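In: Here is a sequence with its predicted model. Questions after.
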Amino acid sequence: MSVDSVNANGFAREGLDVLNRVTESARGEVRRAAELMAHCVSTGGVIQAFGTGHSQALVLEIAGRAGGLVPTNRLSIADVVLYGGDDPSVLDDPLLERKPGVAERIYGLASPRPEDLFVIISNSGVNNVIVEMALHARAHGHRVLAITSLAHTRAVPASHPSGKKLADIADVVLDNAAPRGDALLELPGGGAVCALSTLTGVMLVQMTVAETASLMLTADRRPPVYVSANVPGGFEGNLELEERYAGRIRRTAS
(Lines give C-alpha, C1' and ligand atoms only; values in the text may rest on other atoms or scores of the structure.)
Protein backbone atom coordinates (compact mmCIF):
# COMPACT_ATOMS: atom_id res chain seq x y z
CA MET A 1 0.00 0.00 0.00
CA SER A 2 1.29 3.43 -0.93
CA VAL A 3 2.03 5.98 1.76
CA ASP A 4 -0.44 8.22 -0.08
CA SER A 5 -3.22 5.82 0.97
CA VAL A 6 -2.52 6.17 4.69
CA ASN A 7 -5.03 8.91 5.39
CA ALA A 8 -8.71 9.44 6.11
CA ASN A 9 -9.76 8.92 2.50
CA GLY A 10 -7.66 5.78 2.26
CA PHE A 11 -9.29 4.24 5.32
CA ALA A 12 -12.77 5.25 4.17
CA ARG A 13 -12.18 3.72 0.76
CA GLU A 14 -10.62 0.48 2.04
CA GLY A 15 -13.03 0.18 4.96
CA LEU A 16 -16.12 0.66 2.81
CA ASP A 17 -14.79 -1.89 0.34
CA VAL A 18 -14.53 -4.49 3.12
CA LEU A 19 -17.97 -3.52 4.45
CA ASN A 20 -19.50 -4.04 1.02
CA ARG A 21 -17.87 -7.46 0.74
CA VAL A 22 -19.02 -8.43 4.23
CA THR A 23 -22.63 -7.44 3.62
CA GLU A 24 -22.72 -9.61 0.50
CA SER A 25 -20.72 -12.63 1.64
CA ALA A 26 -22.17 -12.93 5.14
CA ARG A 27 -25.87 -13.06 4.24
CA GLY A 28 -26.21 -16.82 4.67
CA GLU A 29 -24.43 -16.87 8.02
CA VAL A 30 -26.35 -13.78 9.19
CA ARG A 31 -29.57 -15.66 8.46
CA ARG A 32 -28.35 -18.64 10.49
CA ALA A 33 -27.28 -16.33 13.32
CA ALA A 34 -30.69 -14.63 13.28
CA GLU A 35 -32.40 -18.01 13.49
CA LEU A 36 -30.47 -18.69 16.70
CA MET A 37 -31.43 -15.30 18.13
CA ALA A 38 -35.07 -15.52 17.11
CA HIS A 39 -35.41 -19.00 18.59
CA CYS A 40 -33.76 -17.86 21.82
CA VAL A 41 -36.01 -14.82 22.26
CA SER A 42 -39.17 -16.65 21.14
CA THR A 43 -38.63 -19.43 23.69
CA GLY A 44 -38.04 -17.05 26.58
CA GLY A 45 -34.26 -17.12 26.45
CA VAL A 46 -31.73 -14.36 27.03
CA ILE A 47 -28.86 -13.52 24.70
CA GLN A 48 -25.66 -13.59 26.77
CA ALA A 49 -22.98 -11.50 25.01
CA PHE A 50 -19.34 -11.82 26.03
CA GLY A 51 -16.06 -10.36 24.83
CA THR A 52 -12.81 -8.93 26.14
CA GLY A 53 -10.68 -5.96 25.15
CA HIS A 54 -12.13 -3.94 22.29
CA SER A 55 -14.59 -6.73 21.54
CA GLN A 56 -16.59 -5.30 24.42
CA ALA A 57 -17.67 -2.57 22.01
CA LEU A 58 -19.76 -5.17 20.17
CA VAL A 59 -21.09 -6.54 23.44
CA LEU A 60 -22.43 -3.03 24.09
CA GLU A 61 -23.87 -3.02 20.58
CA ILE A 62 -25.87 -6.14 21.44
CA ALA A 63 -26.90 -5.61 25.05
CA GLY A 64 -29.03 -2.77 26.35
CA ARG A 65 -29.01 -0.24 23.51
CA ALA A 66 -31.79 1.63 21.75
CA GLY A 67 -33.09 -0.35 18.78
CA GLY A 68 -31.68 -3.57 20.24
CA LEU A 69 -33.34 -6.61 21.74
CA VAL A 70 -34.38 -6.38 25.40
CA PRO A 71 -33.50 -9.93 26.59
CA THR A 72 -29.74 -9.39 26.43
CA ASN A 73 -26.96 -9.44 29.00
CA ARG A 74 -23.48 -7.95 28.90
CA LEU A 75 -20.88 -10.30 30.38
CA SER A 76 -17.29 -9.24 31.03
CA ILE A 77 -14.20 -10.14 33.02
CA ALA A 78 -15.10 -7.27 35.37
CA ASP A 79 -18.07 -9.37 36.54
CA VAL A 80 -15.78 -11.15 39.03
CA VAL A 81 -15.55 -7.78 40.81
CA LEU A 82 -18.97 -6.27 40.04
CA TYR A 83 -20.99 -9.38 40.90
CA GLY A 84 -18.49 -11.82 42.40
CA GLY A 85 -17.03 -9.65 45.13
CA ASP A 86 -13.36 -9.98 44.10
CA ASP A 87 -10.98 -7.18 44.95
CA PRO A 88 -10.75 -4.68 42.06
CA SER A 89 -6.99 -5.22 41.97
CA VAL A 90 -7.53 -8.56 40.20
CA LEU A 91 -8.40 -6.56 37.07
CA ASP A 92 -4.90 -5.07 37.04
CA ASP A 93 -3.53 -8.40 35.83
CA PRO A 94 -2.97 -7.98 32.06
CA LEU A 95 -3.00 -11.76 31.65
CA LEU A 96 -6.26 -12.37 33.51
CA GLU A 97 -8.08 -13.37 30.32
CA ARG A 98 -5.56 -16.13 29.77
CA LYS A 99 -6.03 -17.77 33.18
CA PRO A 100 -8.07 -20.98 33.52
CA GLY A 101 -11.30 -20.90 35.49
CA VAL A 102 -12.18 -17.25 34.80
CA ALA A 103 -14.84 -18.02 32.19
CA GLU A 104 -16.46 -20.62 34.43
CA ARG A 105 -16.71 -18.01 37.16
CA ILE A 106 -18.27 -15.43 34.81
CA TYR A 107 -20.71 -18.04 33.51
CA GLY A 108 -21.79 -18.96 37.04
CA LEU A 109 -22.34 -15.33 38.02
CA ALA A 110 -24.66 -14.87 35.02
CA SER A 111 -26.87 -17.82 36.08
CA PRO A 112 -27.95 -18.58 32.49
CA ARG A 113 -30.76 -20.97 31.58
CA PRO A 114 -30.41 -23.71 28.94
CA GLU A 115 -32.50 -21.75 26.43
CA ASP A 116 -30.08 -18.80 26.57
CA LEU A 117 -27.88 -18.11 23.55
CA PHE A 118 -24.21 -17.17 23.98
CA VAL A 119 -22.75 -14.62 21.57
CA ILE A 120 -18.97 -14.67 22.01
CA ILE A 121 -16.85 -12.02 20.31
CA SER A 122 -13.11 -12.16 19.76
CA ASN A 123 -11.06 -10.99 16.81
CA SER A 124 -8.36 -13.61 17.33
CA GLY A 125 -10.62 -16.26 18.84
CA VAL A 126 -7.75 -17.86 20.75
CA ASN A 127 -7.48 -16.32 24.22
CA ASN A 128 -8.15 -18.80 27.01
CA VAL A 129 -11.18 -17.06 28.56
CA ILE A 130 -12.90 -16.84 25.14
CA VAL A 131 -12.39 -20.49 24.24
CA GLU A 132 -13.19 -21.59 27.78
CA MET A 133 -16.48 -19.64 27.73
CA ALA A 134 -17.48 -21.21 24.42
CA LEU A 135 -16.63 -24.71 25.65
CA HIS A 136 -18.42 -24.12 28.95
CA ALA A 137 -21.54 -22.81 27.20
CA ARG A 138 -21.66 -25.78 24.83
CA ALA A 139 -21.14 -28.22 27.71
CA HIS A 140 -24.23 -26.74 29.38
CA GLY A 141 -26.40 -27.10 26.31
CA HIS A 142 -26.28 -23.54 24.97
CA ARG A 143 -26.00 -22.64 21.32
CA VAL A 144 -23.00 -20.45 20.55
CA LEU A 145 -22.73 -17.66 17.98
CA ALA A 146 -19.19 -16.39 17.32
CA ILE A 147 -18.06 -13.11 15.81
CA THR A 148 -14.39 -13.36 14.88
CA SER A 149 -11.79 -12.79 12.19
CA LEU A 150 -11.21 -16.02 10.30
CA ALA A 151 -8.11 -14.52 8.65
CA HIS A 152 -6.59 -13.79 12.05
CA THR A 153 -7.62 -16.98 13.82
CA ARG A 154 -6.29 -19.15 10.98
CA ALA A 155 -2.95 -17.34 11.06
CA VAL A 156 -2.17 -17.88 14.76
CA PRO A 157 -1.79 -21.01 16.91
CA ALA A 158 -4.38 -22.10 19.45
CA SER A 159 -3.48 -21.21 23.03
CA HIS A 160 -6.17 -23.17 24.91
CA PRO A 161 -5.10 -26.63 26.15
CA SER A 162 -7.88 -28.20 24.06
CA GLY A 163 -6.21 -26.98 20.89
CA LYS A 164 -9.49 -25.38 19.87
CA LYS A 165 -10.31 -21.85 18.80
CA LEU A 166 -13.62 -20.00 19.08
CA ALA A 167 -14.55 -20.71 15.46
CA ASP A 168 -14.09 -24.46 16.05
CA ILE A 169 -16.69 -24.50 18.82
CA ALA A 170 -19.46 -22.16 17.65
CA ASP A 171 -22.68 -23.29 15.98
CA VAL A 172 -22.53 -20.25 13.68
CA VAL A 173 -19.54 -18.05 12.86
CA LEU A 174 -19.81 -14.48 11.59
CA ASP A 175 -16.51 -13.48 9.96
CA ASN A 176 -15.72 -9.79 10.47
CA ALA A 177 -13.21 -9.95 7.58
CA ALA A 178 -10.56 -8.07 9.55
CA PRO A 179 -6.96 -8.85 8.59
CA ARG A 180 -4.46 -10.57 10.87
CA GLY A 181 -3.70 -8.01 13.59
CA ASP A 182 -6.93 -6.09 12.80
CA ALA A 183 -5.30 -2.90 11.45
CA LEU A 184 -6.18 -2.17 7.82
CA LEU A 185 -3.70 0.35 6.41
CA GLU A 186 -0.14 -0.92 6.04
CA LEU A 187 2.65 1.45 7.01
CA PRO A 188 5.92 1.82 5.11
CA GLY A 189 8.56 -0.33 6.76
CA GLY A 190 6.06 -2.59 8.54
CA GLY A 191 3.10 -2.38 10.86
CA ALA A 192 -0.37 -1.07 10.15
CA VAL A 193 -2.87 1.51 11.41
CA CYS A 194 -6.67 1.77 11.78
CA ALA A 195 -8.49 -1.22 13.24
CA LEU A 196 -11.37 -2.66 11.24
CA SER A 197 -13.10 -5.30 13.38
CA THR A 198 -15.42 -2.92 15.26
CA LEU A 199 -16.66 -1.34 12.03
CA THR A 200 -17.49 -4.64 10.35
CA GLY A 201 -18.62 -6.23 13.61
CA VAL A 202 -21.24 -3.55 14.19
CA MET A 203 -22.58 -4.14 10.68
CA LEU A 204 -22.83 -7.89 11.29
CA VAL A 205 -24.55 -7.36 14.64
CA GLN A 206 -27.14 -4.97 13.28
CA MET A 207 -27.77 -7.09 10.18
CA THR A 208 -28.42 -10.02 12.50
CA VAL A 209 -30.75 -8.00 14.73
CA ALA A 210 -32.67 -6.82 11.67
CA GLU A 211 -32.98 -10.37 10.37
CA THR A 212 -34.05 -11.58 13.82
CA ALA A 213 -36.82 -8.99 13.89
CA SER A 214 -37.88 -10.09 10.38
CA LEU A 215 -38.08 -13.75 11.41
CA MET A 216 -40.11 -12.94 14.51
CA LEU A 217 -42.51 -10.67 12.64
CA THR A 218 -43.01 -13.34 9.98
CA ALA A 219 -43.93 -15.74 12.79
CA ASP A 220 -46.42 -13.15 14.11
CA ARG A 221 -44.24 -12.39 17.15
CA ARG A 222 -43.39 -8.79 18.00
CA PRO A 223 -39.69 -8.53 18.88
CA PRO A 224 -39.06 -6.94 22.31
CA VAL A 225 -36.97 -3.93 21.33
CA TYR A 226 -35.60 -1.01 23.31
CA VAL A 227 -36.75 2.52 22.48
CA SER A 228 -34.41 5.40 23.19
CA ALA A 229 -34.89 6.60 26.76
CA ASN A 230 -34.50 10.12 25.37
CA VAL A 231 -37.86 10.15 23.56
CA PRO A 232 -41.18 10.69 25.36
CA GLY A 233 -42.39 7.46 26.95
CA GLY A 234 -39.24 5.57 26.01
CA PHE A 235 -37.93 5.07 29.53
CA GLU A 236 -41.29 3.91 30.88
CA GLY A 237 -41.90 1.59 27.93
CA ASN A 238 -38.49 0.02 28.37
CA LEU A 239 -39.16 -0.64 32.04
CA GLU A 240 -42.35 -2.47 31.11
CA LEU A 241 -40.50 -4.68 28.62
CA GLU A 242 -37.67 -5.37 31.06
CA GLU A 243 -40.14 -6.52 33.68
CA ARG A 244 -40.71 -9.67 31.61
CA TYR A 245 -37.09 -10.62 32.30
CA ALA A 246 -36.79 -9.43 35.89
CA GLY A 247 -33.93 -11.19 37.63
CA ARG A 248 -32.56 -12.56 34.36
CA ILE A 249 -31.10 -9.44 32.80
CA ARG A 250 -28.87 -7.25 34.91
CA ARG A 251 -30.70 -4.03 34.06
CA THR A 252 -33.63 -5.23 36.20
CA ALA A 253 -33.98 -5.95 39.88
CA SER A 254 -33.61 -9.51 41.10
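Out: It's in. Numbering: from 1, shown residues only.
In: need the strands for the stretch 101-250 of the chain, in chain order.
Out: For the stretch 101-250 of the chain, applying DSSP state E, counting those that start in this stretch gives strands covering 117-121, 143-148, 172-175, 183-186, 192-195.
In: closest to V30 out of these?
Out: Checking the strands of the stretch 101-250 of the chain against V30 by C-beta to C-beta gives strand 172-175 as the closest, at 6.9 Å. The C-beta positions use only the backbone N, C-alpha and C, and glycine is treated the same way.
In: if we can go back for a sec, would you list the strands of the stretch 101-250 of the chain in CSV and tack on mean neighbour count and distance to R244?
Out: Putting the strands of the stretch 101-250 of the chain into CSV (neighbours: other C-beta atoms under 10 Å; distance: least, C-beta to C-beta, whole Å) gives the following:
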stretch, mean neighbour count, distance to R244
strand 117-121, 29, 17
strand 143-148, 26, 21
strand 172-175, 22, 26
strand 183-186, 18, 41
strand 192-195, 15, 37
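In: Go through these and name the closest to S111.
Out: Closest of these to S111 is strand 117-121, at 13.4 Å (criterion: C-beta to C-beta).
In: so what does the closest one touch, helix or strand wise?
Out: Here strand 117-121 touches helix 27-42, strand 47-51, helix 56-62, helix 128-139, strand 143-148, going by 3 or more C-beta pairs under 8 Å, 6 or more residues apart in numbering; DSSP states H and E.
In: circling back to that earlier point, out of the strands of the stretch 101-250 of the chain, which gets nearest to S5?
Out: Closest among these, using C-beta to C-beta: strand 183-186, at 6.6 Å.
In: Low-confidence bits of this structure, can you list those?
Out: Low-confidence regions of the chain, defined by pLDDT under 70, span residues 1-2, 252-254.
In: Bridged to the residue most central in space within the chain, which residues?
Out: Residue closest to the average C-alpha location in the chain (C-alpha atoms, centre = their mean): I121, at 4.0 Å. Beta-bridge partners for I121, by DSSP bridges, are G51, I147.
In: ok, it - contacts?
Out: 49-51, 55, 58-59, 146-148, 201 (C-beta atoms under 8 Å, 6 or more residues apart in numbering).
In: So what touches stretch 98-115?
Out: Applying C-beta under 8 Å, 6+ apart, the contact partners of stretch 98-115 are 40, 43-46, 48, 50, 73, 75-77, 79-80, 83-84, 93, 96, 118, 127-130, 132-133, 136-137, 140-142, 159, 248.
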